[in-house]
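# Quick check, what structure comes out for this input:
(one chain, ligands or ions: 1)
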Amino acid sequence: MSALLQTEALDKHYGGLHVTAGVSLALEEGEIHCLIGPNGAGKSTLFKLILGAVLPSGGRILYAGEDITNLKPFQRIRRGMSVKFQVPGIFQALTVRQNLAIALQHHLARAHLDREIDRLLEFLGLHAAGLQRASELSHGQKQWLEIGMAVALKPRLLLLDEPTAGMSPDETHATGELVRSLNRAGVTVLAVEHDMEFVRQVAQRVSVLHLGRIFAQGSMQEIVADERVAEIYFGETRYD
Ligand SMILES: Nc1ncnc2c1ncn2[C@@H]1O[C@H](COP(=O)(O)OP(=O)(O)OP(=O)(O)O)[C@@H](O)[C@H]1O
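Below you'll find the model as predicted:
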């Protein structure tokens, strides 16, 4: 495998506050990589830096071998990045099908829309909800619709910000299966996540961020067995 995304000594500071400090993270093409860490570790900031929503104070970001450090988010999206934020950005007053049509119409001819919407609905487990307004969906279904809208862009790299926030254990598991099947279809995934069951289910590699630095990296088994990690992270939040 080779790195699809690489951050090199990425710094972000606000005045004297160093939110990320020299973060070098390599994401291999084809992997599911989870980013975990205690509250305030800098996870969201790193996520925004990768997406281009905030610009770094120092360091570089490489994507598919290209320096994208100063590109705008839409330019990154054009290169195959897609993002699902924690708060669903779906159109509540529109039906599920209409939401997917909006996401698809950027790159798909009208004649192919219905077939692709059907395919996505099946994949998302939302086939029975196609004509429902998005506002009528359960919390989990809204998150899946949003994943579907991100996937409609046929991303090479999917960025997920706490995809299971507020979900029941069953919904969380179903989300994990969705992410795994996207990955089997070739999508590289970076997920910021607090839910350790989800991380255990999907992650091929885990990076632990602490005080703005990569503190540990490895498989979930290695991370769980690392006493230093337990001290800064699991010790406080393992079962809460
Ligand atoms: N725009 C900003 N201006 C000033 N400080 C900021 C800004 N954004 C984030 N911070 C600070 O940077 C630190 C890291 O925040 P960040 O949201 O990246 O952490 P996190 O790991 O995502 O936390 P959580 O798990 O609670 O979401 C926090 O102390 C936060 O207050």
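
# Get me the contact residues on this protein for the ligand.
Y14, L17, V19, G37, N39, G40, A41, G42, K43, S44, T45 (CB under 6 Å from any ligand atom). (Each C-beta comes from the backbone N, C-alpha and C, glycine too.)

# can you confirm the fifth one is in a strand?
No - in this structure, N39 is coil, not part of a strand, as judged by DSSP: H, G, I helix; E, B strand; the rest coil.

# how close does it get to L211?
Here N39 is placed at a distance of 12 Å from L211 (CB to CB, to the nearest Å).

# Which of those two has more residues huddled nearby?
Neighbour comparison, N39 and L211: the larger count goes to L211, with 15 against 8 (by other CB atoms under 10 Å).

# thought that one was touching A41?
Yes - under the criterion of CB atoms under 8 Å, L211 makes contact with A41 at 6.7 Å.

# Report the central residue of this protein.
Nearest residue to the geometric centre of the chain (CA atoms, centre = their mean): L160, 1.5 Å.

# beta partners of it?
Note on L160: beta-bridge partners K84, A191, judged by DSSP bridges.

# what's near enough to touch E116?
L100, L104, L108, A152 (CB atoms under 8 Å, 6 or more residues apart in numbering).

# pretty sure the second one is touching D114, no?
So the one you mean is L104. No - in this structure, L104 is not within contact of D114 by CB under 8 Å, at 10.0 Å.

# Looking at those two, which one has more neighbours?
L104 (22 against 12).

# So for that one, what's the nearest residue that isn't a sequence neighbour?
A152 (4.7 Å; CB to CB, 6 or more residues apart in numbering).

# next one: phi and psi at the one you found?
phi -60, psi -20 (degrees, to the nearest 10).

# Check which residues of the helix or strand hosting S24 are buried.
For S24, the host element (DSSP states H and E) is strand 17-28. By neighbour count on 16 or more other CB atoms under 10 Å, the buried set for strand 17-28 is H18, V19, T20, A21, V23, L25, A26, L27.

# Kindly report the same for stretch 2-22.
3-8, 10-12, 18-21.

# Can you add pLDDT and give those back as a markdown table?
Converted to a markdown table, the buried residues of stretch 2-22 look like this (pLDDT from 0 to 100):
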| residue | pLDDT |
| --- | --- |
| A3 | 93 |
| L4 | 97 |
| L5 | 97 |
| Q6 | 97 |
| T7 | 97 |
| E8 | 96 |
| L10 | 97 |
| D11 | 96 |
| K12 | 97 |
| H18 | 90 |
| V19 | 93 |
| T20 | 92 |
| A21 | 92 |
